[in-house]
Every structure is written in C-alpha cells, then in structure tokens.
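> Test case, fold it:
(chains A and B)
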Amino acid sequence: MSDPVTQFADAIRSAADGKRPLNIRGGGSKTFYGNPTIGETLDVTTYRGIIEYEPTELVITARAGTPLADIEAAMREQGQMLGFEPPHFGGNATLGGCIAAGLSGPRRPYAGSARDFVLGLRLLDGRGSDLHFGGQVMKNVAGYDVSRLITGSLGTLGVILEVSLKALPLPPSELTLCREQTQCEALALMNEWAGKPLPITATCHVDGRMYVRLAGATPAVHSALAKLGGETLADGATFWRELRDQRHAFFAGESPLWRVSLPSIAPELQMSGAQLIEWGGALRWLRSDSDAMSIRKAARNGDGHATRFRGGDPRSGAFHPLPSPMLKLHKRVKQAMDPAGIFNPGRLYTDF
Amino acid sequence: MSAPVHAIPVDFERQRAVCAALRAFMPEHGVLFEREDVTPYECDGLSAYRQVPMVVVLPENEEQVCAILETCYALRVPVTARGAGTGLSGGALPLGNGVLLSMAKLMKIVALDPLARTARVQPGVRNLSISEAAAPHGLYYAPDPSSQIACSIGGNVAENSGGVHCLKYGLTVHNVLKLRVATIEGEIIEVGGGGLDAAGYDLLALMTGSEGLLGVVTEITVKLLPRPECAQVVLAAFDDVATAGQAVANVIAAGIIPAGMEMMDQPAILAVEPFVNAGYPTDAAGILLCESDGTREEVADEISRIERIMEDSGAHLVRVSRDESERLRFWAGRKAAFPAVGRLSPDYYCMDGTIPRKRLAEVLRGITEMEKKYELRCANVFHAGDGNLHPLILYDANDRRQLQNAEDFGAEILKLCIDVGGTITGEHGVGVEKIDSMCVQFNSAELETFHALKHAFDEHALLNPGKAVPTLHRCAEFGRMHVHSGAEKFPELPRF
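Next comes the predicted model:
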C-alpha cells in the first residue's frame, strides 16, 4: 500500500479530473462549524505523528492527522504550550482541523491567534501538487504568506499535510480572579486593564461575573492580583478549559449560538438573549433566536462580523456575507488554489 | 547588485499620454516626469540598483490613489508603490516604462484610540511617529525595524518588517488589525476588521509582506501595546560563538522569551567598540545582549535568571545594565553595527537569512570558509532569539571583481541558510535583490502558486512586476547559469 500522501494526491487528481467534490475530514470535532458540504470523505487522520519538536527552537512540526491532545501533551512535558489555546470541542480534534478552522481560545487577544503561531505548512493543492510554504523559523518573508492564508480557510484551498507552529513556555504561575460586575463595567475594565502592563492572559464575563486570568512570574502575578482585587477562583484551569471547549453551562441547550466579533470597546450588544464576553471585549457569544439579518446588521454597524456558530436557521449562511469586491477576490483565490473547485465546496460560502 | 546603471530609453510618446491621463485629475505638481524631478526616485535603500521611472505621481488622498490605479490599469502601465524608500531589497526600484507611485504625502495619523489601543494611519506615516503619538497614553507600536525613524508604515506592511523585539512581540503581520487596500482596478477593499478577526480568507496575512504585488495600501489600523513598566539588559561575552549560541538555547529552555536577544561576532564588536564605546569586551569571540521587559517584578525575576544562565553557559563576563542610560549604551553598540562596519570598508552588503538557531555555529563556520574563498571579510550581527542572521560582507564597489565576489558570497550564504532549513529573507524582503535565490528556496509548483495568487489580484501583472517572485523561465536560466558559471547573466534582461 502506498503512503498516505500519495494516496491523498491520487484521490485529489482523480476527483479533479471528474470534478467530484471531496470532504476533507480530520477528527470530526468541528463538523458543526461552517456550512454543510458535500463530497466523498477524504480522511486525513491516517497521516499522523509529530515530525520534529525542538523545545529550544520554540518550534513543533507535526502531521495534520495528529491529535491535538498528543501535541499538547508532548509540549507540556517540555514546559511549553500552544499559545493560542485552541478549542478541542469533541476531544478528537486534530492539528489539521485546528489550523483549517483557525479558531483560537481564551488566550487569543493576549498571545495571538492560530494564524499568528503558524510558521509554515505543507499542503496538497487542487492539482495534487505537494507544496511547502513558510518554514520552521520565526521570521520568513520569502514569497507570499500562503501558510497564514490557509489557516482558517476550512479546507477550501488545499489539504493540509504538515504544520509548523511556534511554541510558548508555560507560565510558571497562574491564577484566576473573579468579581461581581455588570456587563458594561466588565467591558470598561477589560479595555482599561489591557492598556496597562499587567500579566493578563484571559478575560470573560458571564452571568454577572467577570473572570480574569493572570499568568507569568509568580511575584508579578501576585502583585497584579493585589492591584486589581477580587477573589481567586479555586479551579481556574477548569473554568478556562470548559470555556475554551464550550462545555460551560452558557453553551448548553439548543438555542442558536452566534459568535460576534467586534472592536473590544464596542458597547453592549443590544440583542435579545444571553451573552458571554471573551477576548477583552472583542468576542461576544450570543444565544438568540433573533433573525440572522438583524444580528448581522448589529455586528456590521459595530464594525464587526457575526458567525452562526451552532444551530439556527441553515438558510442563512454560517459566515457573514462578503461585500461584492471581496467575494470576487475570494472566488479568484479559490480558483488559484483549487481550479476544479473540489475542496469542501460551500463550507465557507455557498458561492465557492 | 552588479552591473552599472542601465537606462531604458524613455518612450516620450507613452510618457506624454500617461502624464496627460493623470493630469486630468491630479494637480500639476503631483505628476513628475522631467529627468531632474524623477531621478531622486531612481532607487530605494538598495542603491546598487537604479532605474529612473517614466513618471512619478504623488497622490494626497485615497481617491487620487484609486484614480491613478484605475488610469494605469486602463493604459496597462506598470505601477511601483513606494513609501519612504528605505527598503533594503530593491522592492521600490522603479520601472523605466512604469509609474512610481509615491505614498509619501499620505502622512496623517487619522485616529488614535487609547482605550481600544489602536491607531488608524495613512501609509506614509513614519513607524516611529506612531509610537510617539501613542506615548502620552502609555502605549506604543511594537515592530521597530532599525530604520524606524525614517521608514513608513505602508512600507512596513509591504515588507512585513521586523525589528529586534520580534520573538516576543511579533512582526508587522502580528500587529496590524485592518487594511484599506486599493486594487489595480482602483477599487477599495478592506481586509481584517474592527475586531480581532474577519469573515472569509485571511487576506490581511496574504497582503502583509506581499511587496506591493497585490494591491496598494491606503490606510492601516495598527495595534498598540502598553509600554512595559521597565526594561533591563544583560551583556554576556563568550570565547566562542557556539557557546554563545548554546546560551541562547539555554535561556529559551528555561522558559524565558526575552524582549530582545542579539548576538555580535568579533569582527562586528571590533568595528563597533571604537566607534561608540558601548563597553563591549573586544577580546570576546561573541557577545549576547539579552533584554527583559515587563512589570518590575517580572523583570527582576527574569534578569536574575538570565544572569545565572549566562554564567552557567560559560560566559566569561556578565554585566547587567544598572540604569536606563547604561541599558541604552549597551544597545547603542548593536544599533550602530551597520554604520560602524560601514567605516571599515568603502561598501558593505547586508544579508538577511534566517536559520534554525541550533545550526548557528555551522553556518558561521561556513561563512568563515567563504571569506577565504571570496577573499572578502564578513562581520555578523544576529537577531539570535529568532534566528535572523545579518552577515555584512565588506567590499569595494569600484573593484568589479570584489563586487562580483560580494554578490556570489551573498548568494552562497543564502543557499547555506536554505540547506540548514532556513530562509533567504527574514525581514528585508526579496525585492529584486534575492529574486534568483527564490529559485533555490521554492520549486516550480510553489512558484506557480505564487503566480496564480498574483493573477487573482492583478491579472495583467501591473503591480510591481519583476519583484519578489521569479518567473519559471528566469529560474530555468538561473539553474543553467549555475552549470556554466562565469557566463553573462540573463542577457535578455536589463540589469541595473
């Protein structure tokens, strides 16, 4: 039997010849995310394993099918972590799916997003060509930044084979403080504190309480706690993990879940339904039966965008509609990478 | 880098037609074509390459930028955008049959929001002036390329510029939130967003570092960071560079991400010390500068650990900056490295490869061998934290043999960088300078992908053609040239 990469490339070439769509699949933990797609499943989990991990170079390179949990365990052993704190959702999350979805967790505004940590990747394009972009070094400006373009493209531009990510050290000390606060007060504090040199690595407001994670050198964390005040949460790590994976009670139940990305200083979102604020105010989760149009209008008016993350009316696309020059450009970029249009058609936008 | 200035004869008829079309909406003083008016634009920071542009146009607002591009698109005239012209890879080298689009007059800071920690600026704004405007609010813009007093933020976006604080604070791509971009058709698109992400593909990342080949940036929203409470630097001296390289790895292994981590080898130290009296030990084979910034508690904790790691790693001298003036003095030497080396030789050629740090000793040994082979000296400064090496090759441009040797020396260093798993450019960009080395780093399928993406944005290849990505034909010629070394390079191409 040939190796997985040859098999994937053969499958791509045959699909491209017959214009038959392929549904690229890793661990299947994020199948709910984006629009439904069609096509024969291309399972990439057979291509797995860490290829190279050099803690002192701050770089880890692994195959797309590697479980995210394996990568994080290997890094934890060396006192390191993935700085963007990616969500696992179902628990079967793979590295390839993590980068294809491009989602980041609570640490995102303070350390960077999934694409910020991508240093390079190897992928198969729509012709089955085996391509490398970026590399395993921190600074690299040779050629267009295709690796970061691929991040978050939901498999519509290519089959990710391998990814190199920048690693960060685990903070020596971490604690979570918690205060009673209205949403409005929490938004003001999150923005005010973000402008000060404080070791904050996560923020959240839900059910009238504001949570702030402090992390870094032990004396710095304690001094920040004294400055900011509030009670410390006994099991902060669990709180942030449940928030990251949407296992917090806010995410339970069937009502549609909207992800609204806004400037951090945007005022409270005037929409019916419960809200949870993350990312220093830049991310608002909304449980609401309001129609997609009015939610998107509110997001647009606030200089942001709204994603129908889970549930809701599938007739409204998952992602915020693009203005026409942008849509035109997206189709051309798709055409450049996947001329036969076989990768996850419709997953991002129904037009391509 | 080689060959004398090559002057493409000006097509006066074409020049008249382009000027007339531009003057339909541009004021007279904003369209230049007289030889003495356009000559100042003949090169950027890589002055070995020169070409006088056919026309220079100086828009003062976004509408004019769009109208200029629309006009050039209609007339099929190639356009090269230029910021402050400080780039080191010839990315803003004009075309003899093209329009040089200077963004220098778009120099307003449109808005600065201290609570949101963002600044909305025009592309001609100088990098440092953003931090100066943010300073009263205790904020700053993190990427600090060495040319920050002069370079423009638009140019920084085009090149994805770095600086000495990249390992901790990232490159331009990590610090830009949104761009307004004029397409070659003269349409405005917005990439990125008001929040921390945007719907659709990450065109913000694709646009950053695209060297003016995909669009012209007309407005940039950057992220501002709180100024760290304090900073301190450790100076450590070593008997050999391999030990210094290991010390860097030991700092990282201890879980420290320094705000800055710089290395200089002995030739660089010997050039700098008499020039600035930074207090560097001239007997050292290499020195490290390792900076910590943050809250007082963080810095105190990190500095004491860094000091101990340097000692344990075999440094024969370790000094911690006692106050701000000493910290600045330690840095002054590093910051003066290029001009100091420039005093030793009529010319120097600055390279910009990035390597996995663990291969440093091997790469420096390779460079020492090349010094003998090409009979030229080389001083090395190194952004050690992120593996970005700047070998400075000393030569005399008036000696044609030295000029050729310097160029070959540089190309061989870049090849070595690729061989050890690195890249030909960490922060200066490809431009015209490293376009042949792109053929070594990327295979033809990868280069075709770049061309396909370029085509998606600019189907007639009017935006800065000939830069950043070589044609496959050029690479084929380059490959052949390697076989028949000594043959004249690309006789069909103009060299300047």
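
> Just the element for the closest residue to residue A:322 other than its chain neighbours, please.
Counting by CB to CB, 6 or more residues apart in numbering or on different chains, residue A:322 lies nearest to residue B:200, which is 5.4 Å off, once chain neighbours are set aside. For glycine as for every other residue, the C-beta is placed from the backbone atoms N, C-alpha and C. For residue B:200, there is no enclosing helix or strand under DSSP states H and E.

> Need the phi and psi values for residue B:200.
In this entry, residue B:200 is assigned phi and psi values of phi 90, psi -160 (degrees, to the nearest 10).

> Likewise for residue A:61?
Geometry field for residue A:61 lists phi and psi as phi -120, psi 130, criterion degrees, to the nearest 10.

> Next: the one 3 residues further on.
The phi and psi values for residue A:64, taken as degrees, to the nearest 10, are phi -60, psi -30.

> try the one 3 residues further on
Phi and psi for residue A:67, reported as degrees, to the nearest 10, are phi -60, psi 140.

> distance of it from residue A:242?
The span separating residue A:67 from residue A:242 equals 20 Å under the rule CB to CB, to the nearest Å.

> And these two? Which one has more around it.
Taking neighbours as other CB atoms under 10 Å in any protein chain shown, residue A:67 and residue A:242 compare with residue A:67 leading, 20 against 15.

> just checking, that one touches residue A:92?
Yes - applying CB atoms under 8 Å, one finds residue A:67 in contact with residue A:92, separated by 6.9 Å.

> Next one: the closest residue to residue B:64 other than its chain neighbours from residue B:106, what distance?
Taking CB to CB, 6+ apart, and ignoring the residues beside it in sequence, residue B:64 has residue B:26 as its nearest neighbour in space, at 6.4 Å. According to CB to CB, residue B:26 stands 14 Å off from residue B:106.

> shared neighbours of the two, anything?
Counting by CB atoms under 8 Å, 6 or more residues apart in numbering or on different chains, the residues touching both residue B:26 and residue B:106 are residue B:59.

> Of the two, which one has the most company?
The residue with more neighbours, out of residue B:26 and residue B:106, is residue B:106; 25 against 19, by other CB under 10 Å.

> ok, now which ones touch that one?
Residues touching residue B:106, when contacts are defined by CB under 8 Å, 6+ apart, comprise B:59-62, B:65, B:122-124, B:154, B:218.

> Narrow the residues you listed to those in strands?
Among the contacts of residue B:106, the members falling in strands are residue B:218 (criterion: DSSP state E).

> Next step: the contacts of residue B:106 restricted to helices.
Cross-referencing those with the helices (criterion: DSSP state H) gives B:62, B:65, B:154 as the overlap.

> check contacts around residue A:220.
When contacts are counted by CB under 8 Å, 6+ apart, residue A:220 is found next to A:199, B:294-295, B:297-298, B:301.

> what's the closest non-adjacent residue to residue B:472?
Nearest to residue B:472 is residue B:444, by CB to CB, 6+ apart, at 5.4 Å.

> ok, the closest residue to residue A:255 other than its chain neighbours - contacts?
Excluding its sequence neighbours, the residue lying closest to residue A:255 (CB to CB, 6+ apart) is residue A:287, at 4.7 Å. The neighbours of residue A:287, taking CB under 8 Å, 6+ apart as the test, are A:250, A:253, A:255-258, A:273-275.

> What is the burial count for residue 51?
No chain in the question, so chain A it is. A count of neighbours around residue A:51, defined by other CB under 10 Å, yields 14.

> sorry, should have said chain B
Neighbourhood size, residue B:51 [other CB under 10 Å]: 24.

> So it, which state does it fall into?
coil (DSSP: H, G, I helix; E, B strand; the rest coil).

> hang on, it packs against residue B:39?
No - in this structure, residue B:51 sits apart from residue B:39 without contact. The criterion is CB under 8 Å, and the distance is 10.5 Å.

> returning to what we had before: can I get the contacts of residue A:220 in a markdown table including secondary structure?
Formatted as a markdown table, the entries for these read as follows, by three-state DSSP:
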| residue | secondary structure |
| --- | --- |
| A:199 | coil |
| B:294 | strand |
| B:295 | coil |
| B:297 | helix |
| B:298 | helix |
| B:301 | helix |
